[in-house]
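Enquirer: Need a 3D model of the following:
(one chain, ligands or ions: 2)
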Amino acid sequence: MGATEPQWVLMATGRSPTNIAVIKYWGKRDEALILPVNDSISVTLDPDHLSATTTVAASPSFPSDRMWLNGKEIALSGGRFQSCLREIRKRARDVEDEKKGIKIKKEDWEKLHVHIASYNNFPTAAGLASSAAGLACLVFTLGKLMNVNEDYGELSSIARQGSGSACRSIYGGFVKWCMGKNDDGSDSMAVQLVDESHWDDLVIIIAVVSSKQKETSSTSGMRDTVETSPLLQYRAQTVVPSRILKMEDAIKNRDFESFARLTCADSNQFHAVCLDTSPPIFYMNDTSHRIISLVEKWNHSEGTPQGCLHI
Ligand SMILES: Nc1ncnc2c1ncn2[C@@H]1O[C@H](COP(=O)(O)OP(=O)(O)OP(=O)(O)O)[C@@H](O)[C@H]1O
Ligand SMILES: C[C@@](O)(CCOP(=O)(O)OP(=O)(O)O)CC(=O)O
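Expert: Ligands and ions are numbered 1, 2, ... in the order given. Now for the predicted structure:
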């Protein structure tokens, strides 16, 4: 028997929560770089509830990059995963694990393949922003494995290239994704508006009205909207910019009445834009409509809003 190279596996694990947009991202001005047509604002959930947990392993014995999602292998060939891997590999640094006797030079990361396993503790691709938690977690965990030293703004910009909404899950609390103006996307990244302690008596209830996979993914749905909806341009250019400013104020002042009004209005306009798409996109079902009616009745019977909705 000939001598064999000693093999090793280096691993890192991370967990990222999902986020729920209160001013929504819908529509891209650049599909490849994932650059949006408007700013958006979201609230990041507590990771104990809705989150993705991802383990990334690197080893010289892996012949290719592979990924498993919720226990099933999925293709890594899609541009979104490749962009994140490429951008993190570019920023990888030397890693040394004395206990295992592993020394990886930064240039070695280009040749080392990874295996990725991720689990969501909530329904995947059902409208609960699994891509946000999943891609943020992937970027964060790859960064940890490869010892990258980038700040959260830079990581959010990389996560954005995996899934737009993922750039906001890099931070806790309330987060704004600034759409940016540059063609190369260098100024399109998320910033934290306030951290998770700022509005700690705000309660978020997620009612899962269906855990089935959506018929139209966000990526293809928003592509159709950009191509066919005349209402989208009005929303992005006229409605959202002033709504963003009002929402920032409502969050800073913990003004629930304004927060609720803006959140409901933006959710309704998002669904209106989906209906304005050809063919129309329907993300709500009868149960969603009944919940909306109940919250509206509750808000009006109490005088000031007691609850708000994102669907
Ligand atoms: N944990 C994960 N790790 C990596 N990728 C994931 C993970 N979870 C989901 N994804 C990717 O995101 C895709 C689902 O994204 P999609 O935007 O269609 O749905 P969603 O994010 O759950 O809903 P929405 O964007 O409407 O809130 C999956 O098909 C998969 O490619
Ligand atoms: C309705 C939304 O949740 C849409 C999210 O879309 P994605 O971020 O999933 O889309 P891609 O960038 O194509 O991956 C609104 C939002 O989160 O702002």
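
Enquirer: Show me what S51 is bridged to.
Expert: Beta bridges link S51 to P17, judged by DSSP bridges.

Enquirer: Could you report the neighbour count for the closest residue to E96 other than its chain neighbours?
Expert: Nearest residue to E96 in three dimensions, chain neighbours excluded: K103, at 5.2 Å (C-beta to C-beta, 6 or more residues apart in numbering). No exception for glycine: its C-beta is placed from N, CA and C like everyone else's. Per other C-beta atoms under 10 Å, the neighbour tally for K103 reads 11.

Enquirer: Same question for T44.
Expert: 25.

Enquirer: how about the nearest residue to it, chain neighbours excluded?
Expert: N19 (4.5 Å).

Enquirer: That neighbour and S131 touch, don't they?
Expert: No - using C-beta atoms under 8 Å, N19 makes no contact with S131, being 10.9 Å away.

Enquirer: who's more crowded, these two?
Expert: The neighbour count for N19 versus S131, taken as other C-beta under 10 Å, is higher for N19 (30 against 23).

Enquirer: Ramachandran angles for that one?
Expert: Main-chain torsions, N19, degrees, to the nearest 10: phi -130, psi 150.

Enquirer: Check S258 too.
Expert: Dihedral angles (degrees, to the nearest 10) for S258: phi -70, psi -40.

Enquirer: Please apply the same query to E110.
Expert: Per degrees, to the nearest 10, the backbone of E110 is at phi -60, psi -30.

Enquirer: what does S188 give?
Expert: S188 has phi and psi values of phi -100, psi 100 when expressed as degrees, to the nearest 10.

Enquirer: How many neighbouring residues does it have?
Expert: 25.

Enquirer: residues touching it, list them.
Expert: When contacts are counted by C-beta atoms under 8 Å, 6 or more residues apart in numbering, S188 touches 33, 35-36, 157, 160, 167, 177-180, 182.

Enquirer: how about the residues of this structure near ligand 1?
Expert: Contacts of the chain with ligand 1, taken as C-beta under 6 Å from any ligand atom, map to 52, 69, 118, 120, 124-132, 134-135, 138, 165, 217-218.

Enquirer: Run a quick neighbour tally on whatever residue of the stretch 101-250 of the chain ends up closest to ligand 1.
Expert: Residue of the stretch 101-250 of the chain nearest ligand 1, by C-beta to the nearest ligand atom: G134 (2.2 Å). By the criterion of other C-beta under 10 Å, G134 has 29 neighbours.

Enquirer: so it touches A52, yeah?
Expert: Yes - using C-beta under 8 Å, G134 makes contact with A52 at a distance of 4.6 Å.

Enquirer: on that earlier part again, next one: the residue nearest to T44, what pLDDT does it get?
Expert: Note on N19: pLDDT of 96.

Enquirer: Likewise for P305?
Expert: In this model, P305 is scored at 68, pLDDT.

Enquirer: what's the answer for T124, then?
Expert: 88.

Enquirer: Name the residues that touch stretch 70-84?
Expert: Here stretch 70-84 has contacts from 32, 34, 65-68, 85, 116, 118-120, 124, 135, 138-139, 142, 158-159, 161-163, using C-beta under 8 Å, 6+ apart.

Enquirer: Tell me the residues that contact both of G134 and A52, please.
Expert: Common neighbours of G134 and A52 (C-beta under 8 Å, 6+ apart) are 16, 118, 120.

Enquirer: Next, format the residues you listed as JSON lines and append neighbour count.
Expert: Output for the shared contacts of G134 and A52, formatted as JSON lines (neighbours: other C-beta atoms under 10 Å):
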{"residue": "S16", "neighbour count": "26"}
{"residue": "S118", "neighbour count": "25"}
{"residue": "N120", "neighbour count": "22"}
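
Enquirer: Among those residues, pick out the one closest to E107, please.
Expert: Taking C-beta to C-beta as the measure, E107 lies nearest S118 of these, at 27.2 Å.

Enquirer: The closest one: which element?
Expert: strand 113-120 (DSSP states H and E).

Enquirer: What is the burial count for the residue lying closest to S59 once chain neighbours are set aside?
Expert: Leaving aside its chain neighbours, S59 sits nearest to V9 (4.3 Å; criterion: C-beta to C-beta, 6+ apart). Other residues within reach of V9 by the criterion other C-beta under 10 Å amount to 13.
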